[in-house]
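Colleague: Provide a 3D model corresponding to the input given below.
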Amino acid sequence: MKRKGLFTLLLLGGMTTMVALLWAEELLSKDEAIAQAFPKPIAVEMKMAAVSSGQIERISKTLGVADVPRVLKYYEATTNGVIVGYALINRVQGKHGPITFLVAMDSAMAIDSVSILALKEQRGRLVRRRSFLSQFTGKKMPDKMRVHSDIRGITGATISSRAVASGVRRAVACMTVVLEGSKDGEDGEEK
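Modeller: I've put the predicted structure just below:
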C-alpha cells in the first residue's frame, strides 16, 4: 500500500512539473509594456535599422559573441518631435523556455526600465520582480550588467538571472552602437 501511494505521489509530481513546463506565463502584452515604459503624452513609433558590418563587428567585440542581428527592430518615443527614449523587445533562453522582455532607454541610452512580458520558468519566475529588474535602471554601455558583478542574481534562479542580464546587455549594446552610429551618420541605415 505504501508503495502504491509513493508511486501515485511521484506520478502526480511529475505531471505537475510537465504542466508547469508546458505553460508559459504572459505578464504583459507588447502594447502594455510600451505604455508602461512611455506614459502619455508620448508618441511611440516602431522603427527598423539595418545593422552594418562595421556595427556588427563593434557589437560582437563588445559582447564577445558572433551572433548579432542584421536588422534591429525598436520603438522610438517622442514628445513634440523630440526623441525622449527607445525600447527594444528581446527574447532569451531561460532554464525551461524563453523569457521575453522589454528594455526602455532614455535618449542618452541609459536604461529607464526593464519589464518581463512572458516567461516559461518555474523558479526563474522570480526574475520578474521589481527588486531584480530595478538593478538595471541607469546602466548603459560600457557597464557590465552581469550577475555577480554589478547585478545581484536570484538564489535558485541563477540561469534565468544570467539569461535576463545577458539579454539586457545585448539589447543595450545593439541599440547604443546602431542608434549612436546613425546619429553620427555612421554605417547603418534607418528604414
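Colleague: And the top helix by length along the chain, what's buried?
Modeller: Longest helix of the chain, by residue count under DSSP state H: helix 158-183. Residues of helix 158-183 classed as buried: 159-179, 181-182 (neighbour count, 16 or more other C-beta atoms under 10 Å). Placement of C-beta: from N, CA and C, glycine included.
Colleague: likewise stretch 116-123?
Modeller: 116-123.
Colleague: And the furthest pair within those?
Modeller: Spatial extent of these (C-beta to C-beta) is set by the pair Leu117 and Arg123 at 19.0 Å.
Colleague: next SSE after the least confident helix or strand in the chain by mean pLDDT?
Modeller: Lowest by mean pLDDT, DSSP states H and E among the helices and strands of the chain is helix 2-22, with a mean of 49. On the C-terminal side of helix 2-22, the closest following helix or strand by DSSP states H and E is strand 25-26.
Colleague: Geometric centre of this protein: which residue is closest?
Modeller: Closest to where the C-alpha atoms of the chain average out (C-alpha atoms, centre = their mean) is Phe101, at 3.9 Å.
Colleague: that older thread, what I need now is the buried residues of stretch 116-123 written out in JSON lines, including distance to Arg129 and secondary structure for each item.
Modeller: Shown next, in JSON lines, are the buried residues of stretch 116-123 (distance: C-beta to C-beta, whole Å; DSSP: H, G, I helix; E, B strand; the rest coil):
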{"residue": "Ile116", "distance to Arg129": "9", "secondary structure": "strand"}
{"residue": "Leu117", "distance to Arg129": "15", "secondary structure": "strand"}
{"residue": "Ala118", "distance to Arg129": "15", "secondary structure": "strand"}
{"residue": "Leu119", "distance to Arg129": "12", "secondary structure": "strand"}
{"residue": "Lys120", "distance to Arg129": "17", "secondary structure": "coil"}
{"residue": "Glu121", "distance to Arg129": "12", "secondary structure": "coil"}
{"residue": "Gln122", "distance to Arg129": "15", "secondary structure": "coil"}
{"residue": "Arg123", "distance to Arg129": "12", "secondary structure": "helix"}
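Colleague: any idea which of those residues is the one closest to Ile89?
Modeller: Closest to Ile89 out of these is Leu117 (7.0 Å), distances taken as C-beta to C-beta.
Colleague: what's the pLDDT at that closest one?
Modeller: Note for Leu117: predicted pLDDT of 96.
Colleague: what about the closest residue to it other than its chain neighbours, how many neighbours?
Modeller: Among residues not flanking Leu117 along the chain, Thr100 sits closest, at 4.4 Å (C-beta to C-beta, 6 or more residues apart in numbering). Neighbours of Thr100 under the rule other C-beta atoms under 10 Å: 21.
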